[in-house]
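K.L.:
Could you look at this predicted model? Sequence included:
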Amino acid sequence: MGKTVLKGLGVALITPFKKDKTIDFNALSHLIDFQIENGTDYLVALGTTAETPTLSESEKAQVIRTVVEKVNNRVPIVVGMGGNNTAKLLQTLRTADFSGISAILSVTPYYNKPSQEGLYQHFRAVCEASPLPVILYNVPGRTGVNMTAETTLRIAKTCPKAVAVKEASGNMDQIKAIIGGAPEGFSVISGDDSITTAVIQSGGVGAISVFGNVFPKEMAWLVDRALGGNPEPARDKMDECYTELFRLLMVDGNPAGVKCMLGMMGYVENELRLPLVTVREETRKSIREELDKFTKK
């Protein structure tokens, strides 16, 4: 996989559900077309935003097949494949069908809170087992452990399959340290919509976005402008139009916010699987007000 696979706007796809909580594959197919037709550079399936922990193994396989068939080689596909049981993850990596997939996105082990050495050994094993390039995923707000810049760079320099990190720590000093020390061919991808332009301005190659589910064209414009060396208009646009929407996207958790937005726009049913629930009424009203402002611009 070339570096172009990781550059630009990646969108972390939701998993749409029907009223009965089964997967709405028709809605998923429409969302994929919506993304590709509006400038998304690559798609990420089975990430955090997809409510992956609530999907059965057969459902995950169905989602992957649907995404691969619908994309039909129009853009690269990245599949989330992580876990806190290293041995089980390695077995999955050795036996899964990766036809049509360009890379995997692998989150730091959650709940059991490994040390930095444990994180290194985990990802070294993942990279050795994976037949595809690996994007590391650091999201301490969800996993309970932060992978430091030193550990990320150690993996980048010793594991050839590791080609990038999706950094969602929100720590710009850490992000800049990774960018500054990264070996050739290893990239940093923003994992937070709200700091996308800042990460790109510091040397990042793009974003894996939640907001892009709703506004792929607008998010692609932001990323393209920032990558083109002209980040000021993108940053100004973010401040003017998107700051409150970015906040509302996460105030009651992800993907509750993005599903509320997509539901209001008629793309999906506003349905989640427990333990996740829909946004509070107060949040829903605020989202409606912001969307009305946005669509009038």
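P.N.:
Great, that's in hand.
K.L.:
If you count neighbours, what's buried in stretch 261-278?
P.N.:
By neighbour count with 16 or more other Cβ atoms under 10 Å, stretch 261-278 contains the buried residues 261-264, 267-272, 276, 278. (Each C-beta comes from the backbone N, C-alpha and C, glycine too.)
K.L.:
What segments of the stretch 101-250 of the chain are helices?
P.N.:
With DSSP state H, counting those that start in this stretch, the ranges of helices along the stretch 101-250 of the chain come out as 116-129, 140-143, 149-158, 172-181, 196-201, 216-227, 231-237, 243-251.
K.L.:
can you count the residues close to residue 70?
P.N.:
Residue 70 is flanked by 18 other residues according to other Cβ atoms under 10 Å.
K.L.:
cool, residue 147 as well?
P.N.:
For residue 147, the neighbour count with other Cβ under 10 Å is 29.
K.L.:
and it, backbone torsions?
P.N.:
Dihedral pair for residue 147: phi -90, psi 120, per degrees, to the nearest 10.
K.L.:
Would you confirm that it contacts residue 122?
P.N.:
No - applying Cβ atoms under 8 Å, one finds residue 147 not in contact with residue 122, separated by 9.9 Å.
K.L.:
which residues do the two both contact?
P.N.:
residue 108 (Cβ atoms under 8 Å, 6 or more residues apart in numbering).
K.L.:
and the helices of the stretch 101-250 of the chain, which one is worst for confidence?
P.N.:
Mean pLDDT is lowest for helix 231-237 out of the helices of the stretch 101-250 of the chain, coming in at a mean of 74.
K.L.:
what comes into contact with that one?
P.N.:
Contacts of helix 231-237 (Cβ under 8 Å, 6+ apart): 197-198, 200-201, 221-223, 225-226.
K.L.:
Show me which pair in those residues is furthest apart.
P.N.:
Spatial extent of those (Cβ to Cβ) is set by the pair 198 and 221 at 16.7 Å.
K.L.:
sorry, back to before: residue 107: which of the helices of the stretch 101-250 of the chain is closest?
P.N.:
Minimum separation from residue 107 across these (Cβ to Cβ) falls at helix 140-143, 6.4 Å.
K.L.:
How far away from the center of its chain is the closest one?
P.N.:
Here the centre of helix 140-143 is set off from its chain's centre by 14 Å, with Cα atoms, centre = their mean, to the nearest Å.
K.L.:
looking at this structure, which helix or strand is least sure?
P.N.:
In the chain, no helix or strand scores lower on mean pLDDT, DSSP states H and E than helix 231-237, which sits at a mean of 74.
K.L.:
For it, list every residue counted as buried.
P.N.:
Neighbour-count burial for helix 231-237 flags 231, 234-235 (criterion: 16+ other Cβ under 10 Å).
K.L.:
Closest one to residue 215 out of the residues you listed, please.
P.N.:
Using Cβ to Cβ, the buried residues of helix 231-237 come closest to residue 215 at residue 234, 13.5 Å.
K.L.:
residues in contact with the nearest residue to residue 182 once chain neighbours are set aside?
P.N.:
Ranked by Cβ to Cβ, 6 or more residues apart in numbering and with sequence neighbours excluded, the top spatial neighbour of residue 182 is residue 156, at 5.8 Å. By Cβ under 8 Å, 6+ apart, residue 156 lies in contact with 162, 165, 178, 182-183, 186.
K.L.:
Name the spans of the chain whose pLDDT lies under the cut-off.
P.N.:
Applying pLDDT under 70 to the chain flags residues 1-5, 295-297.
K.L.:
And the strands in it, which stretches?
P.N.:
Shown for the chain, the strands assigned by DSSP state E span residues 8-12, 42-45, 77-80, 103-107, 134-138, 162-167, 187-190, 206-209.
K.L.:
I'd like these as JSON lines, with mean neighbour count appended.
P.N.:
Below are the strands of the chain laid out as JSON lines (neighbours: other Cβ atoms under 10 Å):
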{"stretch": "strand 8-12", "mean neighbour count": "27"}
{"stretch": "strand 42-45", "mean neighbour count": "26"}
{"stretch": "strand 77-80", "mean neighbour count": "24"}
{"stretch": "strand 103-107", "mean neighbour count": "25"}
{"stretch": "strand 134-138", "mean neighbour count": "26"}
{"stretch": "strand 162-167", "mean neighbour count": "26"}
{"stretch": "strand 187-190", "mean neighbour count": "25"}
{"stretch": "strand 206-209", "mean neighbour count": "28"}
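K.L.:
Those: which one's closest to residue 62?
P.N.:
So among those, strand 42-45 is nearest, using Cβ to Cβ, at 11.0 Å.
K.L.:
how near is the nearest residue to residue 32 once chain neighbours are set aside to residue 6?
P.N.:
Computed as Cβ to Cβ, 6+ apart, the closest residue to residue 32 that is not its neighbour in sequence is residue 70, at 4.6 Å. Per Cβ to Cβ, to the nearest Å, residue 70 is found 21 Å from residue 6.
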